[in-house]
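Undergrad: Give me a 3D structure for the following:
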Amino acid sequence: MLNSTMVRLTPDERRRQLLGIGLRMFVDKPVQEVSIDAVAAEAGISRGLLFHYFPTKTAYHQAVVAAAGRRFLRNARPDDGATGEVALEQVTRRFIEQIRRRRAFYVALVFGQGPVSIPTPEGEEEFATTLRARLADLVIERCGYAAAARPVVHAWVAYVEDRAIESSADASNVEVTALVAHCTRALEALQETPTQRPRVPLP
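TA: This next block holds a predicted model:
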């Protein structure tokens with residue numbers, strides 16, 4: 001039974017509420033198992049009203065996946081005012097720490113495999129490419145790399161992602177610090193042209 005004292009929200013507020021509920025459920029279960037009825041009940045609305053904001057169950061699930069990606073990118077951003085090497089260290093650390101905290105969730109979000117499976121209209125690989133591309137853009141924007149470095153930075157994001165996933169069995173702070181240092185040096189080592197940062201050999 002619906003709550004007779006249902007709070008009236010603006011359309012934008014209601015949409016954010018429904019996505020927030022979906023995100024909480026998505027952390028613990030495959031997105032296709034996020035129940036429309038359970039989401040509507042928690043929001044205190046009818047199933048029919050939920051479909052006013054999201055025309056189909058698939059559309060709702062896709063919106064939840066997109067919201068998860070946006071949240072991940074927000075959490076990876078460096079501090080306001082941070083630039084250059086400081087910003088690069090922050091982005092790298094926050095990227096790695098998010099993956100290590102919720103490895104299964106991240107693998108499912110990006111690759112659509114493992115405990116959580118994610119249907120997306122573009123397909124899992126395109127979604128992964130989009131997420132990496134936006135992270136690459138963030139590094140270029142805030143860390144002082146030239147636009148010409150974008151292909152290299154994009155490949156570096158995939159490398160950091162792989163290192164974080166593979167190392168996530170051991171979440172000690174010392175290893176995270178060492179991994180962040182290695183990955184930032186790796187990006188420096190990949191730069192090759194005079195318009196990009198000079199190459200620095202890895203130890």
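
Undergrad: Now do the same contact list for the residue nearest the centre of the chain.
TA: Residue closest to the average C-alpha location in the chain (CA atoms, centre = their mean): Phe72, at 3.1 Å. For Phe72, the contact set (CB atoms under 8 Å, 6 or more residues apart in numbering) comprises Gln98, Tyr106, Leu109, Leu131. For every residue, glycine as well, the C-beta is placed using N, CA and C.

Undergrad: Could you rerun that using 7 Å?
TA: Gln98 (CB atoms under 7 Å, 6 or more residues apart in numbering).

Undergrad: buried set for the helix or strand where it lies?
TA: For Phe72, the element it lies in under DSSP states H and E is helix 57-76. Using 16 or more other CB atoms under 10 Å as the test for burial, helix 57-76 gives Tyr60, His61, Gln62, Ala63, Val64, Val65, Ala67, Ala68, Gly69, Phe72, Leu73, Ala76.

Undergrad: list the helices and strands the helix or strand bottoming out on mean pLDDT in the chain packs on?
TA: Considering only helices and strands, the least confidently modelled element of the chain by mean pLDDT, DSSP states H and E is helix 103-111, at a mean of 78. Helices and strands touching helix 103-111, by 3 or more CB pairs under 7 Å, 6 or more residues apart in numbering; DSSP states H and E, are helix 57-76, helix 124-143.

Undergrad: now the very next helix or strand once past the first one against helix 57-76, angle please.
TA: Right, the one you point to is helix 57-76. Once the chain leaves helix 57-76, the next helix or strand it forms, by DSSP H and E, is helix 84-101. Here the directions of helix 84-101 and helix 57-76 differ by 130 degrees (axes from the mean of the first three to the mean of the last three CA atoms, to 10 degrees).

Undergrad: surely Ala43 meets Leu19?
TA: No. Using CB atoms under 7 Å, Ala43 is not in contact with Leu19, being 10.4 Å away.
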